[in-house]
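Participant: starting from these lines, generate the structure:
(one chain, ligands or ions: 1)
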Amino acid sequence: MSTMPMERHQLGDEESAALAGLAARIRELAEAAVVTGTGAAEAAAVADEVAALTARLSERRHDAPPYRMSGEAVLDRATGNPVTGALNPLAPPVVLTAGPDGVVRGEFTLGHLYEGPPTYVHGGVSAMVLDQALGMAAAVSGTPGMTATLETRYRRPTPLGVPLTVEAKRSRVEGRKVYASGTISGPDGRVTVEATAMFIMPDRFVAAGE
Ligand SMILES: CCCCC/C=C\C/C=C\C/C=C\C/C=C\CCCC(=O)SCCNC(=O)CCNC(=O)[C@H](O)C(C)(C)COP(=O)(O)OP(=O)(O)OC[C@H]1O[C@@H](n2cnc3c(N)ncnc32)[C@H](O)[C@@H]1OP(=O)(O)O
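Facilitator: Numbers count the residues shown, from 1 in each chain. Model prediction:
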């Protein structure tokens, strides 16, 4: 079992907006870090400044990322989620919304930070985005679960730096097993990655929810 705490600080509007702004600036910093042409001395000087900022942010810390409850169609309370978390600088972030038909959809653009083959998205990043979208589709249909299997089929390379679309939908439920499928498409509408997944609600969560 994880040693991380389940209880989370709940963010208000103002704090959430400020922290989302902070994460956005850190994303820009990360992108700048992978493509900077600055010299060794300047890189070392900037590293010292960043270390000072990290120390400043760490003066007060929560034990784990906070949550934010939202009544909107935007999903996921986990602000630190690595795919959708507005407060997570490692998240693109992908903004996922659910339609009345249960289809989860999001648009996103991936830059240099997510490169696998030259000029294309890393396949593991595509799989991560699809895992999240398919998991959301299972959850918004009333049957959340942990990913038990995730199969990805890379039909064509996924381009960096252009708007991508992810879509996912629950396909069927068999007892505790929930199946979902989805795609990532490029700006021309052509599918680049297809995925199917099976999610299982662990017994311990079922018991906790009763
Ligand atoms: C994710 C939240 C979970 C629930 C929390 C509640 C609410 C969440 C609300 C909202 C969530 C919103 C969005 C979700 C978004 C994104 C999704 C990302 C999710 C992840 O990023 S998640 C991390 C990666 N994920 C893991 O870290 C899983 C590690 N794993 C386990 O925690 C267990 O392994 C588990 C729970 C999978 C099963 O454990 P278990 O004890 O319940 O299963 P059990 O043995 O009873 O088997 C019952 C039947 O499933 C078959 N079966 C079992 N496992 C299988 C497998 N892997 N492949 C094929 N078949 C399998 C058996 O063969 C048997 O089949 P049969 O009945 O036919 O014999």
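Participant: for this protein, which residues are neighbours of the ligand?
Facilitator: 131-132, 135-136, 139, 144-149, 177, 200-203, 205 (C-beta under 6 Å from any ligand atom). In this view, the C-beta of every residue, glycine as well, is placed from N, C-alpha and C.
Participant: any buried residues in stretch 118-135, and which?
Facilitator: 120-122, 125-135 (16 or more other C-beta atoms under 10 Å).
Participant: adding secondary structure, write the residues you listed out as CSV.
Facilitator: Shown next, in CSV, are these (DSSP: H, G, I helix; E, B strand; the rest coil):
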residue, secondary structure
Tyr120, strand
Val121, strand
His122, coil
Val125, helix
Ser126, helix
Ala127, helix
Met128, helix
Val129, helix
Leu130, helix
Asp131, helix
Gln132, helix
Ala133, helix
Leu134, helix
Gly135, helix
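Participant: closest to the ligand among those residues?
Facilitator: The ligand lies nearest to Gly135 out of these, by C-beta to the nearest ligand atom, at 2.4 Å.
Participant: pull the distance from the longest helix along the chain to the chain's centre.
Facilitator: Secondary structure of the chain read by DSSP state H shows that its longest helix is helix 13-35. In terms of C-alpha atoms, centre = their mean, to the nearest Å, the centre of helix 13-35 is set 15 Å apart from its chain centre.
Participant: which SSE is immediately downstream of that helix?
Facilitator: As assigned by DSSP states H and E, the chain's next helix or strand after helix 13-35 is helix 40-57.
Participant: neighbours of the nearest residue to Gln132 once chain neighbours are set aside, how many?
Facilitator: Among residues not flanking Gln132 along the chain, Val83 sits closest, at 3.9 Å (C-beta to C-beta, 6 or more residues apart in numbering). Val83: 25 surrounding residues under other C-beta atoms under 10 Å.
Participant: in a strand, Val83, correct?
Facilitator: No. Using three-state DSSP, the secondary structure at Val83 is coil, not a strand.
Participant: rewinding a little: output the buried residues of stretch 118-135 as a markdown table; include the columns pLDDT and distance to Gly106.
Facilitator: Shown next, in a markdown table, are these (pLDDT from 0 to 100; distance: C-beta to C-beta, whole Å):
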| residue | pLDDT | distance to Gly106 |
| --- | --- | --- |
| Tyr120 | 98 | 19 |
| Val121 | 98 | 15 |
| His122 | 98 | 18 |
| Val125 | 98 | 14 |
| Ser126 | 98 | 13 |
| Ala127 | 98 | 15 |
| Met128 | 98 | 13 |
| Val129 | 98 | 8 |
| Leu130 | 98 | 11 |
| Asp131 | 98 | 13 |
| Gln132 | 98 | 9 |
| Ala133 | 98 | 7 |
| Leu134 | 98 | 12 |
| Gly135 | 97 | 13 |
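Participant: domain ranges for the chain?
Facilitator: 1-72, 95-209 (automatic domain parsing).
Participant: mean pLDDT for these: which is lowest?
Facilitator: Among these, domain 1-72 has the lowest mean pLDDT, at a mean of 92.
Participant: tell me the angle of the longest helix of the chain relative to helix 40-57?
Facilitator: For helix 13-35 against helix 40-57, the angle by axes from the mean of the first three to the mean of the last three C-alpha atoms, to 10 degrees is 160 degrees.
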